[in-house]
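Novice: Attaching a predicted model along with its sequence, questions to come.
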Amino acid sequence: MIPVVVALTTLLPVSTRAEDSSFRFLAIGDMPYSAEEEVKFRSLVRQSEGEDFAFLMHVGDTKAGTAPCTDEQFLRIRDLFAAYPKPVIYTLGDNEWTDCHATGANPVERLRKLRELFFQDRRTLRLDSLHVVAQSSQPKFSAYPENYRFSKAGVSFIVAHVTGSGNNRRLDDPPSMEEYTARNAATIQFLQESFCEAIKRNVPGVAVVIHANPDFESGRGEGFTDFLAVLRKFLSEFPRPVVCIHGDSHYYRIDKPFRSVAGDTFLHFTRMEVFGSPNIAGVSVTVDPKDPEVFSYRPWYLQDE
């Protein structure tokens with residue numbers, strides 16, 4: 001046992017130096033919604049390949065809600081992500097599955113297909129290069145590969161399947177309620193585990209990545225009640241910077257809308273919502289563990305070609 005301890009101790013200074021470095025990534029979402037937007041979207045993605053972004057992040061809604069929920073539609077985006085030269089952080093939006101009943105498709109079946117297309121082949125998003133820990137590695141939660149976390153520069157990134165349209169909590173549809181109940185329980189457990197790990201490791205900051213706008217201001221949607229409760233508990237125990245990156249309402253903003261049960265604003269919490277259709281633009285996020293704020297944001301626009 002002693003040689004192992006010595007070997008680990010020898011490696012620690014190198015690991016610590018690597019953890020000190022800052023990096024950038026590009027956050028986008030709620031696009032493209034039309035053929036015209038897809039041309040611009042692909043140009044934006046292609047433009048980002050020449051930057052020093054560590055990865056691309058898409059927070060869901062890769063098509064319009066009225067567009068067909070076909071395999072062909074999904075494969076166009078899947079292939080774009082697969083061809084991207086860096087890892088792609090992706091979480092599922094409501095337009096990809098929750099709202100597919102409006103186009104005549106079965107939302108639960110479409111969710112199964114999305115998991116197969118985007119997460120079954122690990123080469124598609126190349127998450128292994130970020131050493132992600134997927135909830136699906138636990139046999140009990142093998143059905144939820146879209147919940148995963150990773151650490152970069154010591155900062156924790158937690159990607160959780162919390163989607164728009166009420167998180168698929170549809171009281172008038174028993175299959176949807178069955179899906180919501182099981183997935184919500186799994187997601188909440190994953191968040192609790194991930195938050196506990198962040199506290200234990202005393203990380204410099206945490207980024208929570210979801211699709212939905214969960215209504216931080218008033219929390220009226222019952223599909224988000226559990227998410228907001230577990231996040232509020234975490235923020236009361238963890239004093240360092242936390243950001244929730246999401247989409248859904250197509251309104252670029254950086255604010256502090258979340259309050260404690262007592263009504264006090266969580267000043268160490270920031271909500272960053274990405275641009276969305278019809279605005280084809282992204283947000284360049286810089287992560288610096290040595291900066292007291294850890295996260296900083298800058299709009300990132302498509303340049304004339």
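Specialist: Okay, I see it.

Novice: how close does the residue positioned nearest the centre of the chain sit to Tyr90?
Specialist: In the chain, the C-alpha closest to the average C-alpha coordinate belongs to Val209, at a distance of 2.9 Å (Cα atoms, centre = their mean). Applying Cβ to Cβ, to the nearest Å, the value for Val209 to Tyr90 is 9 Å. Glycine gets a C-beta too; all of them are placed from N, C-alpha and C.

Novice: likewise Lys290?
Specialist: With Cβ to Cβ as the criterion, Lys290 and Tyr90 are 29 Å apart.

Novice: and what of Asp226?
Specialist: 23 Å.

Novice: So between the two, which is more surrounded?
Specialist: Tyr90 (27 against 16; other Cβ atoms under 10 Å).

Novice: What sits closest to the more buried one if chain neighbours are left out?
Specialist: His58 (5.1 Å; Cβ to Cβ, 6 or more residues apart in numbering).

Novice: So the one you found is in contact with Tyr84, correct?
Specialist: No. Between His58 and Tyr84 there is no contact under Cβ atoms under 8 Å: 10.0 Å.

Novice: more crowded one of those two?
Specialist: His58 (29 against 19).

Novice: wait, what's in contact with the more buried one?
Specialist: By Cβ atoms under 8 Å, 6 or more residues apart in numbering, His58 lies in contact with 28-29, 81, 88-91.

Novice: sorry, back to before: quick check: neighbours shared by Val209 and Tyr90?
Specialist: With Cβ under 8 Å, 6+ apart, Val209 and Tyr90 have common neighbours Met57.

Novice: Tell me the first helix or strand C-terminal of the longest helix seen in the chain.
Specialist: If you go by DSSP state H, the chain has its longest helix at helix 174-201. Going down the chain from helix 174-201, the next helix or strand is strand 206-209, by DSSP states H and E.

Novice: quick one: strands adjacent to that following strand?
Specialist: strand 155-159 (parallel), strand 242-246 (parallel) (DSSP bridges).

Novice: What are the buried residues along the helix or strand following that strand?
Specialist: Remark: after strand 206-209, the chain's next helix or strand is helix 225-237, criterion DSSP H and E. Judged by neighbour count (16 or more other Cβ atoms under 10 Å), helix 225-237 contains these buried residues: 226-228, 230-232, 234-235.

Novice: With just CA atoms, put helix 225-237 into PDB.
Specialist: The C-alpha coordinates for helix 225-237 follow below in PDB (Å, rounded to 0.1, in the frame of the first residue of the first chain):
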ATOM      1  CA  THR A 225     -40.900  22.100  -7.800                       C
ATOM      2  CA  ASP A 226     -38.500  19.300  -6.900                       C
ATOM      3  CA  PHE A 227     -35.700  20.800  -9.000                       C
ATOM      4  CA  LEU A 228     -36.000  24.200  -7.400                       C
ATOM      5  CA  ALA A 229     -36.200  22.700  -3.900                       C
ATOM      6  CA  VAL A 230     -33.000  20.700  -4.300                       C
ATOM      7  CA  LEU A 231     -31.200  23.600  -5.900                       C
ATOM      8  CA  ARG A 232     -32.300  25.900  -3.100                       C
ATOM      9  CA  LYS A 233     -31.000  23.500  -0.400                       C
ATOM     10  CA  PHE A 234     -27.700  23.200  -2.200                       C
ATOM     11  CA  LEU A 235     -27.300  27.000  -2.400                       C
ATOM     12  CA  SER A 236     -28.000  27.300   1.300                       C
ATOM     13  CA  GLU A 237     -25.100  25.000   2.000                       C
END
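
Novice: any idea of the angle that helix forms with strand 242-246?
Specialist: 150 degrees (axes from the mean of the first three to the mean of the last three Cα atoms, to 10 degrees).

Novice: Can you name every helix or strand that helix 225-237 contacts?
Specialist: helix 174-201, strand 242-246 (3 or more Cβ pairs under 8 Å, 6 or more residues apart in numbering; DSSP states H and E).

Novice: Might you report the residue contacts of the residue lying closest to Phe41 once chain neighbours are set aside?
Specialist: In space, and not counting its chain neighbours, Phe41 is closest to Pro32: 4.0 Å by Cβ to Cβ, 6+ apart. Listed by Cβ under 8 Å, 6+ apart, the contact set of Pro32 reads 38, 40-41, 62-63, 277, 280.

Novice: Tell me if Phe275 really is in a helix.
Specialist: No. Counting by DSSP: H, G, I helix; E, B strand; the rest coil, Phe275 falls outside a helix, being coil.

Novice: is it true that it touches Arg253?
Specialist: No. Counting by Cβ under 8 Å, Phe275 stays clear of Arg253, with 9.9 Å between them.
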